[in-house]
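S.K.: attaching a predicted model along with its sequence, questions to come.
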Amino acid sequence: MSVRRIALGAAGGVGVLAVLEGVSRAGLLDRDALPPMTTVLAEAAKLAVDEDFLVDVGASLQAWLGGLALAVLVAVPLGVLLGSVPLLDTASRALVELLRPIPSVALIPLAIILFADPLQMKMSLIFYACLWPILINTLYALRDVDPVAKESLRSFGFGTLSVLWRVSLPSAAPFIVTGVRIAASVALIVVISTELFAGGWDGIGIYLSDTQSGGGRTDLLLAGACWAGMLGLLANGLLLLFERIAFRWNTARAEGVS
C-alpha cells in the first residue's frame, strides 16, 4: 500500500510539472514569470553543488532544527503538565487560545528588536510557531486517553505518576509525534519567511530574495523554492518513518480501522 501511495504521489507531481511545462512552452504565460519546469529543475540540480547555496541551506537548517527542538523540549512537558492537572488546564486555556492564533510573522519586528543575532531571531520565531501545534496535540491526546485503562491501573494501587507513565504517555505519544510533524512544516515556512522579511547573512530566504535583485531571475527563485519543498518533504518522510517504527502497534491499528 505504501509503494502504491508513493507511486501515485510521484505521478501527481510529474503531472503537475508537465502541465506547467506545457503552459510555459505554449506561451500562455510570460516565460519570465513562469519559466519552463525543465529549466527550473536544471537550475535546481546546479544548486545541489553550489557551495554558497549549501551554506544558505545549512543556515536555514540550523535555525529550523534548533527552534523545533526547543519547542519540543518545552511544549511536550508543558502539555503533559497541563493535561494531567485539570486545574492548571482550565486556568491556562484562555491564555493558550489567545496566543496561538497570533501568526509568528507578525512578531518579526519585535524579534528584530529583542535579538541582535539573526540565528536567535529565527529560532525564537520558530519556537513560538511550533509551540502551539505540539502543545495542542499533547493536550488533546492526554484528554482522549481511555479512562477505563487509567481507572483499571489505579484499582491495582498505582499512583498518578505510574498511571501517567504506563498508560497516558504511551497512548498519547503517537499524537504528540504527529504534532511535531505538523510543527516541522510550520517551522520551515517560518524560517524562510523570516529570512525574506528580516534579512540576515545566510539562509534560503536570503537566497530567494537575492534572485530578484538586478532584474530578477524567476527560474532561480523557483529552483530555490523547489529545494525548500524537498527539505519539507524529507523532514515529513523521516518523522513519518519514525512514527511507523516507534509506534507500529498504533499504525497497524489505524490501518485495520481504515
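M.R.: Perfect, thanks for sending it. Numbers count the residues shown, from 1 in each chain.

S.K.: now find how far off-centre the helix or strand where residue 76 lies is within its chain.
M.R.: Taking DSSP states H and E as the criterion, residue 76 maps to helix 51-84. Counting by C-alpha atoms, centre = their mean, to the nearest Å, helix 51-84 is centred 9 Å from the centre of its parent chain.

S.K.: and it, what does it pack against?
M.R.: For helix 51-84, the elements it packs on are helix 86-99, helix 118-143, helix 169-198, helix 204-210, helix 218-246, judged by 3 or more C-beta pairs under 8 Å, 6 or more residues apart in numbering; DSSP states H and E. Any C-beta I mention is one placed from the backbone N, CA and C, and that applies to glycine too.

S.K.: now the ones you listed as CSV including distance to residue 48, mean neighbour count and mean pLDDT?
M.R.: Listed next are the helices and strands packed on helix 51-84 as CSV, based on distance: least, C-beta to C-beta, whole Å; neighbours: other C-beta atoms under 10 Å; pLDDT from 0 to 100:
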stretch, distance to residue 48, mean neighbour count, mean pLDDT
helix 86-99, 39, 12, 89
helix 118-143, 23, 22, 93
helix 169-198, 18, 21, 92
helix 204-210, 13, 21, 93
helix 218-246, 8, 16, 90
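
S.K.: how about those helices in TSV, adding distance to residue 42?
M.R.: Listed next are the helices and strands packed on helix 51-84 as TSV, based on distance: least, C-beta to C-beta, whole Å:
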stretch	distance to residue 42
helix 86-99	44
helix 118-143	30
helix 169-198	22
helix 204-210	17
helix 218-246	8
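
S.K.: of these, which is nearest residue 107?
M.R.: Closest approach to residue 107 among the helices and strands packed on helix 51-84 (C-beta to C-beta): helix 118-143, 6.2 Å.

S.K.: to residue 66, which of the helices and strands packed on helix 51-84 lies closest?
M.R.: Residue 66 lies closest to helix 118-143 among the helices and strands packed on helix 51-84, at 4.8 Å (C-beta to C-beta).

S.K.: what count of nearby residues applies to the spatially closest residue to residue 221 that is not a sequence neighbour?
M.R.: Spatial nearest neighbour of residue 221, chain neighbours left out: residue 211 (4.5 Å); criterion: C-beta to C-beta, 6 or more residues apart in numbering. Residue 211 has 18 neighbouring residues, counting by other C-beta atoms under 10 Å.
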